[in-house]
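Novice: Okay, structure incoming, though there's no sequence with it:
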């Protein structure tokens, strides 16, 4: 019996067909068998339409939304995110944007230069608390400085600071932190830009857009909730792997049918699909190790903090004990002095009495 997506996309294969295609090629079968059982199951569910692809993962995103071959798609998505019509001029190398080789739990990262010269850095982060505002500000500043150096070198003596264009940092969080959830569980998109306290306006170049996909997912999966606009259509397409949500999107906007056909066309190419899936598992493993290291570093820092506090408390108590002992010693010495004075006076009195 066909599942819902197989009925919609006839090219989707059955589990037996997918396994047969892998078993027929020794190298692919060895790779498949090297995966954990849960990942084997995930791969089969994706290829058979039981679930959709997570298209915001790096390799899948670049296969479907490649700005070199399909610029109109990313143009449309960025236009909706930025709230204005934009056009990608070229893709920029993004390796250098990881400051000092720093790594957060990065899922996808792409940097593009728009037609007006501005730069957009689009990233997907696993955990929101690993990518605070301070870090995004540093990445934005890094991109801005690189643009400045590049434009100044290109223009030479003709350079003007007016030639430096905006830098947009667009971060999509798979799991946002309490900072966003405590603010609102009904708002999934936050835009930030610099303003003055007087209302004076000047072009400060750096803008930030944070999208909380988990909050969006909670909102959009409500049965009575409609997909309200083009941006939400894109977010459903890019982040939702629930077949019901995929069909909901297609009923509202059949224009995504062609892109989904490309997605399931990828699944027909076993070599490419296994390679892409393996790469995502490598990223997952790397992120898992990174998360464990970060958590251990935090635990070490917290343990050291508690130890330091214990030492300070012990030193405080020791100081208090010393002061208390010194106080008692002073009191004892004073009492001894008083007793010695009384004894002296008694001795003097006795001497006087004897003389009489």
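Specialist: Right, received. Where do you want to start? Please read these numbers as outputs of a predicted model, since none were measured by experiment.
Novice: How is this protein partitioned into domains?
Specialist: Per automatic domain parsing, the domain ranges recorded for the chain read 52-268, 278-356.
Novice: Which of those domains has the lowest mean pLDDT?
Specialist: Sorting those by mean pLDDT places domain 278-356 lowest, at a mean of 78.
Novice: any idea where the strands of the protein begin and end?
Specialist: For the chain, the strands defined by DSSP state E occupy 88-92, 106-114, 119-127, 167-175, 189-193, 206-212.
Novice: Turn those strands into CSV, including mean neighbour count and distance to residue 66.
Specialist: In this view, the C-beta of every residue, glycine as well, is placed from N, C-alpha and C. Below are the strands of the chain laid out as CSV (neighbours: other C-beta atoms under 10 Å; distance: least, C-beta to C-beta, whole Å):
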stretch, mean neighbour count, distance to residue 66
strand 88-92, 16, 9
strand 106-114, 20, 10
strand 119-127, 22, 13
strand 167-175, 22, 17
strand 189-193, 14, 25
strand 206-212, 21, 21
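Novice: Just give me how far stretch 203-210 sits from the chain centre.
Specialist: Computed by C-alpha atoms, centre = their mean, to the nearest Å, the chain-centroid distance of stretch 203-210 equals 18 Å.
Novice: Return the most buried member of the domains of the chain.
Specialist: Most buried of these by mean neighbour count (mean count of other C-beta atoms under 10 Å) is domain 52-268; its value is a mean of 16.
Novice: Phi, psi for residue 49 please.
Specialist: When read as degrees, to the nearest 10, the backbone of residue 49 gives phi 80, psi 10.
Novice: What's the separation between the closest residue in space to it that isn't next to it in sequence and residue 226?
Specialist: Excluding the flanking residues, the one nearest residue 49 by C-beta to C-beta, 6 or more residues apart in numbering is residue 5, at 3.4 Å. Noted for residue 5: a distance of 21 Å to residue 226, by C-beta to C-beta, to the nearest Å.
Novice: How about residue 180?
Specialist: Here residue 180 is placed at a distance of 23 Å from residue 226 (C-beta to C-beta).
Novice: Equivalent analysis for residue 262, please.
Specialist: Residue 262 sits 26 Å away from residue 226, going by C-beta to C-beta.
Novice: same deal with residue 329?
Specialist: In terms of C-beta to C-beta, residue 329 sits 81 Å off from residue 226.
Novice: Do me a favour and get the end-to-end distance for stretch 44-56?
Specialist: Start and end residues of stretch 44-56 are separated by 19 Å (C-alpha to C-alpha, to the nearest Å).
Novice: Next one: residue 322 from residue 316, what distance?
Specialist: 11 Å.
Novice: Actually, residue 299.
Specialist: Distance from residue 299 to residue 316, by C-beta to C-beta: 26 Å.
Novice: Could you find the closest non-adjacent residue to residue 35?
Specialist: In space, and not counting its chain neighbours, residue 35 is closest to residue 281: 6.8 Å by C-beta to C-beta, 6+ apart.
Novice: Which helix in the chain has the most residues?
Specialist: In the chain, with assignment by DSSP state H, the single longest helix is helix 270-355.
Novice: Now do that helix against strand 119-127, angle only.
Specialist: Between helix 270-355 and strand 119-127, the angle comes out at 70 degrees (axes from the mean of the first three to the mean of the last three C-alpha atoms, to 10 degrees).
Novice: Show me which positions of stretch 12-32 end up buried.
Specialist: Residues 12-13, 18-19, 21-22, 28-29, 31-32 are the ones in stretch 12-32 that count as buried (16 or more other C-beta atoms under 10 Å).
Novice: and which of those is nearest residue 53?
Specialist: Residue 53 lies nearest to residue 12 out of the buried residues of stretch 12-32, by C-beta to C-beta, at 11.8 Å.
Novice: Looks like the closest one contacts residue 5 (just checking).
Specialist: Yes. With contacts counted by C-beta atoms under 8 Å, residue 12 reaches residue 5, the gap being 6.0 Å.
Novice: Span of stretch 250-260 from start to end?
Specialist: Stretch 250-260 has an end-to-end distance of 9 Å (C-alpha to C-alpha).
Novice: Report the distance from it to the chain centre.
Specialist: The chain centroid and the centroid of stretch 250-260 are separated by 29 Å under C-alpha atoms, centre = their mean.
Novice: Can you name the residues in contact with it?
Specialist: With contact meaning C-beta atoms under 8 Å, 6 or more residues apart in numbering, stretch 250-260 is reached by 8-9, 64, 73, 226-227, 233, 237, 246, 249.
Novice: Just put those in CSV and tack on distance to residue 47.
Specialist: Below are those laid out as CSV (distance: C-beta to C-beta, whole Å):
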residue, distance to residue 47
8, 15
9, 12
64, 16
73, 23
226, 30
227, 26
233, 25
237, 19
246, 15
249, 20
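Novice: So which of the residues you listed are in helices?
Specialist: The members of the contacts of stretch 250-260 that map onto helices under DSSP H are 8, 64, 73, 233, 237, 246, 249.
Novice: Help me confirm that the last one comes into contact with residue 237.
Specialist: Yes. Look at residue 249 against residue 237 with C-beta under 8 Å: they come within range, at 6.1 Å.
Novice: quick one: contacts for residue 211?
Specialist: Shown in contact with residue 211 (C-beta under 8 Å, 6+ apart): 81, 170-173, 188-190, 235.
Novice: okay if I get these as CSV plus distance to residue 267?
Specialist: Converted to CSV, the contacts of residue 211 look like this (distance: C-beta to C-beta, whole Å):
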residue, distance to residue 267
81, 28
170, 28
171, 29
172, 24
173, 27
188, 29
189, 31
190, 35
235, 22
